[in-house]
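Colleague: Sequence and predicted structure, then a few things I'm wondering about:
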Amino acid sequence: MALAWSGGKNSSLALAALQNDPAFQPLALVTTITGDYDRISMHGVRRSVLDAQVEELALPLFEAIIPADASNAIYEEALTLVANALDLQKRGGKFLFVPALMRVKGLILASRSREDYPEAEASFLSAIDWAKRQSATLFELKAATDLAELLLEQRRVPEAYKHLRAALDRMPTGIVSPDHERALQVLNRLQSGTKAAG
């Protein structure tokens, strides 16, 4: 499995939790770099720190380089990169990274435009389906949380709740991670919305 890497403490805690769980085997890191600053987009972590982290962790790093003011062409390039990576997985008959790649595709589409929401939703659903096939419950939870947030933004609260609750129910007991905490926070927002709508 590949872990989305922000360079911050939550990424480190998530990686440690995964490495200590025999059900998971992190094989790679994925991050977005703002090329203009040569820093991780999420937290602004310097390249030198990222390089040191990657060297210490001894995991391959997949990078998506974006400018500070990403245009539609940049989004298209990022989507092409994901499509090429998916094609490479399929041609090699190895589908290990498909859940992560479909999730990344969904995130790219969801951040580009509301017009892309239907395709983003389909990408998240595909990520969930692939994660289920691989018994990758944490990846399923991440994609379900992203999907729930997308549906919540469209005021589709019951659907969002259904997907996120199902993913949380499939998580092994005793798992506590930043991704699990994020999912619970979104679920609480959804429950509030459900009560208000009811």
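Modeller: Arrived safely. Numbering: from 1, shown residues only.

Colleague: I'd like to know how far residue 66 sits from residue 141.
Modeller: Relative to residue 141, residue 66 is positioned 26 Å away (CB to CB, to the nearest Å). The C-beta positions use only the backbone N, C-alpha and C, and glycine is treated the same way.

Colleague: And the helix or strand hosting residue 181, how far out from the chain middle?
Modeller: In the assignment (DSSP states H and E), residue 181 maps to helix 178-197. Mean-position distance between helix 178-197 and its chain equals 18 Å (CA atoms, centre = their mean, to the nearest Å).

Colleague: now do stretch 41-52
Modeller: Its chain's C-alpha centre and that of stretch 41-52 lie 18 Å apart, by CA atoms, centre = their mean.

Colleague: List the contacts of that stretch.
Modeller: Identification of contacts with stretch 41-52 by CB atoms under 8 Å, 6 or more residues apart in numbering yields 6-8, 31-34, 37-40, 61, 66.

Colleague: quick one, domains of this protein?
Modeller: Here the domain parsing of the chain from automatic domain parsing is 1-69, 72-198.

Colleague: Which stretch among these is buried most, on average?
Modeller: domain 72-198 (a mean of 18; mean count of other CB atoms under 10 Å).

Colleague: Quick one: mean pLDDT for it?
Modeller: When pLDDT is averaged along domain 72-198, the result is 87.

Colleague: do the same with stretch 27-44
Modeller: pLDDT averaged over stretch 27-44 gives 81.

Colleague: oh, and call the first residue 20 from now on, that's how I've got it
Modeller: Renumbered: residue one is now 20, and that last one reads stretch 46-63.

Colleague: Distance from the chain centre to it, please.
Modeller: Using CA atoms, centre = their mean, the offset of stretch 46-63 from its chain centre is 14 Å.

Colleague: Dump it to PDB, restricted to CA.
Modeller: Extracted in PDB, the C-alpha atoms of stretch 46-63 (Å, rounded to 0.1, in the frame of the first residue of the first chain):
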ATOM      1  CA  LEU A  46       5.400   0.000   0.300                       C
ATOM      2  CA  ALA A  47       5.600   3.700  -0.900                       C
ATOM      3  CA  LEU A  48       4.900   7.300   0.000                       C
ATOM      4  CA  VAL A  49       2.900   9.700  -2.200                       C
ATOM      5  CA  THR A  50       3.200  13.500  -1.900                       C
ATOM      6  CA  THR A  51       2.400  16.700  -3.700                       C
ATOM      7  CA  ILE A  52       5.200  19.300  -4.100                       C
ATOM      8  CA  THR A  53       4.600  22.900  -4.900                       C
ATOM      9  CA  GLY A  54       7.300  23.300  -7.500                       C
ATOM     10  CA  ASP A  55       7.600  27.100  -7.100                       C
ATOM     11  CA  TYR A  56       8.700  26.700  -3.500                       C
ATOM     12  CA  ASP A  57      10.200  23.100  -3.700                       C
ATOM     13  CA  ARG A  58       8.100  22.200  -0.600                       C
ATOM     14  CA  ILE A  59       5.400  19.700   0.300                       C
ATOM     15  CA  SER A  60       2.100  21.400  -0.700                       C
ATOM     16  CA  MET A  61       0.200  20.400   2.400                       C
ATOM     17  CA  HIS A  62       2.500  21.800   5.200                       C
ATOM     18  CA  GLY A  63       5.300  23.600   3.300                       C
END
